[in-house]
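Participant: Take a look and give me a structure for this.
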Amino acid sequence: MKLKLSYFSKNAKLFLAANFFYSFAMNIYFIFFNLYLLEIGKNEKQIGAIASISALSGGIVILLISPYLSSIKQIRALKISMVGAFLSILGYTLTSDFEFFVGLSVLFGASTAFFGTMQIPISMKIVKQSMRKYYFAISTAIFILNGTIANGFTGFFPDFLMKHSTFSEILSYKITLLSVGISFILVFIFLKFIDEPERIVTEKVPFLKNIKNLPIKKFIIIGLPTFMIGIGAGLMVPLFNVYFKQKLNFSLIEISIIFMVSQLVMGMFTLITPILTKRFRPVTFIFLTQALSLPFILMIICTKSIIFVTIAFTLRASFMNMSRPIQMHFEMACFKTEYRAAFSAFKSFFWNISWAISTLIAGFFQYKKIFDVPLYLTFFLYIVTLLYIFIKFFRKEEQYLQEVDELAHF
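Facilitator: Next comes the predicted model:
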């Protein structure tokens, strides 16, 4: 099938554009923010705490509003979340007080978690059923390939400012961080031109009663791998930049190059996902690609060479994430339309809570200069997750998909 952007609706293309700038902002934040905190004097334990609180607040907010996500004005809510994200970034550049940073991390975590939660349900509404796996592949590739641009920008822009102006290193870092806030404003602008999707009007009922009306058991079955992967990822992913700087003594430019190469290769892997899935069942593809990522975690631990670290980091991330479009599609397809926003929120809660717990633990290990233990724990948790996927889902997709007539679209 020859794929053109013209096959998508105006709303779908605008939402892709909004996602482009959102991913640009989050990619800069992901690689840069922890290094910014180190630069202004925060230690690894404090960095882990800030990341943990941000994830925890996002998870709690999403859980509280999850039963009502299908009935709210979703685009308007996304615009509000982008205002919150912008204000938190602005606040980070105006103070270095740890307690103030904790408060800002609550706002940032809630705002970005909401946006991330609503991306998939809104996409399911504005994209035709037959085009969804292509849309999710393009959306994921945008996020990943965008990271190549963002990581290059992050690595070289502060150095450029210091060399070609009288700005200090800290001021150059603050200006770089402000680019994240500017990107959130651009997301807001694109969202203004998107038509509000049709709401599913439901009777207003108490929160606990609304929760009881949801298929919680199925939510847990489908969402449990996300929780286990989230624990493993939280031990490793959010503090990888600190790991590279503090253990391996890589510079900001070297770290940005590692992330840039990784994002570029991940984007290529993701773009070929729809082609490869024609030869594999969805769960088989998810299982195989995630299993292939495991040896490269051990390779990162066993080498200090920037070349081998880059290779291992890139292949680990590429294999782990290339099944993401199929996994997103599979998870959403397991539920009827009225439950998809709630499940997305439920999954986001699983992810944020697991991320919050494990990032706090990883920050403590790094503060004690014990850098490799979190990676070994991640390796073990990923194996447990794969065993669960194999036992629960392998060659059993039909039992989950046929209930909502989605099997034919894989």
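Participant: what ranges do the helices span in the stretch 151-300 of the chain?
Facilitator: Per DSSP state H, counting those that start in this stretch, the stretch 151-300 of the chain carries helices over the ranges 169-191, 207-212, 216-236, 240-246, 252-271, 273-276, 282-302.
Participant: Which one, of those helices, ends up nearest to residue 16?
Facilitator: Closest to residue 16 of the helices of the stretch 151-300 of the chain, according to CB to CB: helix 169-191, at 9.1 Å. Placement of C-beta: from N, CA and C, glycine included.
Participant: Just want the angle from that closest one to helix 252-271.
Facilitator: 20 degrees (axes from the mean of the first three to the mean of the last three CA atoms, to 10 degrees).
Participant: Where among the helices of the stretch 151-300 of the chain is average confidence lowest?
Facilitator: Lowest mean pLDDT within those: helix 207-212, at a mean of 58.
Participant: one step back: select, out of the helices of the stretch 151-300 of the chain, the one closest to residue 147.
Facilitator: helix 252-271 (3.1 Å).
Participant: Run a quick neighbour tally on residue 248.
Facilitator: With neighbours defined by other CB atoms under 10 Å, the count for residue 248 comes to 17.
Participant: Equivalent analysis for the one 4 residues further on, please.
Facilitator: Under the neighbour criterion other CB under 10 Å, residue 252 is assigned a count of 21.
Participant: Between the helices of the stretch 151-300 of the chain, which one is closest to residue 381.
Facilitator: The nearest among these, by CB to CB, is helix 216-236 at 3.7 Å.
Participant: how about the helices of the stretch 151-300 of the chain in a markdown table, adding distance to residue 18?
Facilitator: Shown next, in a markdown table, are the helices of the stretch 151-300 of the chain (distance: least, CB to CB, whole Å):
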| stretch | distance to residue 18 |
| --- | --- |
| helix 169-191 | 4 |
| helix 207-212 | 29 |
| helix 216-236 | 24 |
| helix 240-246 | 26 |
| helix 252-271 | 19 |
| helix 273-276 | 22 |
| helix 282-302 | 27 |
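Participant: Residue 359 is nearest to which of those helices?
Facilitator: Nearest of the helices of the stretch 151-300 of the chain (CB to CB): helix 216-236, 4.5 Å.
Participant: I'd like the distance between the nearest residue to residue 167 once chain neighbours are set aside and residue 172.
Facilitator: Closest residue to residue 167 apart from its sequence neighbours, by CB to CB, 6 or more residues apart in numbering: residue 161 at 5.0 Å. In this view, residue 161 and residue 172 are 4 Å apart by CB to CB, to the nearest Å.
Participant: circling back: hang on, the residue nearest to residue 167 packs against residue 173?
Facilitator: No - here residue 161 lies out of contact with residue 173, judged by CB atoms under 8 Å, at a distance of 9.0 Å.
Participant: who has more neighbours, those two?
Facilitator: Legend: neighbour count by other CB under 10 Å for residue 161 and residue 173, higher for residue 173 (25 against 18).
Participant: residues contacting that one?
Facilitator: By CB atoms under 8 Å, 6 or more residues apart in numbering, residue 173 lies in contact with 32, 35-36, 39-40, 158.
Participant: Check residue 195 too.
Facilitator: Residue 195 touches 11, 75, counting by CB under 8 Å, 6+ apart.
Participant: give me phi/psi at it?
Facilitator: For residue 195, the backbone dihedrals (degrees, to the nearest 10) come out as phi -70, psi 140.
Participant: Quick check: pLDDT value at it.
Facilitator: On the pLDDT scale, residue 195 gets 85.
Participant: Same question for the one 3 residues further on.
Facilitator: At residue 198, the predicted lDDT confidence score is 68.
Participant: give me phi/psi at residue 238?
Facilitator: Torsion angles, degrees, to the nearest 10, at residue 238: phi -70, psi -20.
Participant: Which per-residue confidence value corresponds to it?
Facilitator: 85.
Participant: Distance check, it against residue 194.
Facilitator: 30 Å.
Participant: Surely residue 259 is in contact with residue 31?
Facilitator: Yes - between residue 259 and residue 31 a contact is recorded at 5.0 Å, counting by CB under 8 Å.
Participant: Neighbour count for those two, which is higher?
Facilitator: A direct count of neighbours by other CB under 10 Å for residue 259 and residue 31 places residue 259 higher, at 28 against 25.
Participant: Which residue is the nearest non-sequential neighbour of that one?
Facilitator: According to CB to CB, 6+ apart, the nearest residue to residue 259 is residue 151 (4.1 Å).
Participant: what about that neighbour, how many residues close to it?
Facilitator: So residue 151, with other CB under 10 Å, has 25 neighbours.
Participant: Any stretches of the stretch 251-400 of the chain with poor pLDDT?
Facilitator: 395-400 (pLDDT under 70).
Participant: can we see that at 90?
Facilitator: Where the stretch 251-400 of the chain drops to pLDDT under 90, the residues are 252-253, 256, 259-260, 262-286, 321-357, 389-400.
Participant: so who does the residue nearest in space to the middle of the chain touch?
Facilitator: Geometric centre of the chain, nearest residue: residue 116, 7.3 Å, by CA atoms, centre = their mean. Neighbour list for residue 116: residue 348 [criterion: CB under 8 Å, 6+ apart].
Participant: So it: helix, strand or coil?
Facilitator: helix (DSSP: H, G, I helix; E, B strand; the rest coil).
Participant: how near is it to residue 25?
Facilitator: Computed with CB to CB, the distance linking residue 116 and residue 25 is 12 Å.
Participant: rewinding a little: distance of the residue nearest to the centre of the chain relative to residue 242?
Facilitator: In terms of CB to CB, residue 116 sits 22 Å off from residue 242.
Participant: before we move on, what about residue 129?
Facilitator: 43 Å.
Participant: More neighbours: these two, which one.
Facilitator: Higher neighbour count among residue 129 and residue 242: residue 242, with 23 against 12, using other CB under 10 Å.
Participant: Next, the contact list for the more buried one, please.
Facilitator: 34-35, 38, 44, 47, 366.
Participant: can we see that at 6 Å?
Facilitator: Applying CB atoms under 6 Å, 6 or more residues apart in numbering to residue 242 gives the contacts 34, 366.
Participant: OK, contacts around residue 154?
Facilitator: With CB under 6 Å, 6+ apart, residue 154 has these contacts: 28, 31-32, 256.
Participant: Neighbour-wise, which one of those residues leads?
Facilitator: residue 32 (28 neighbours).
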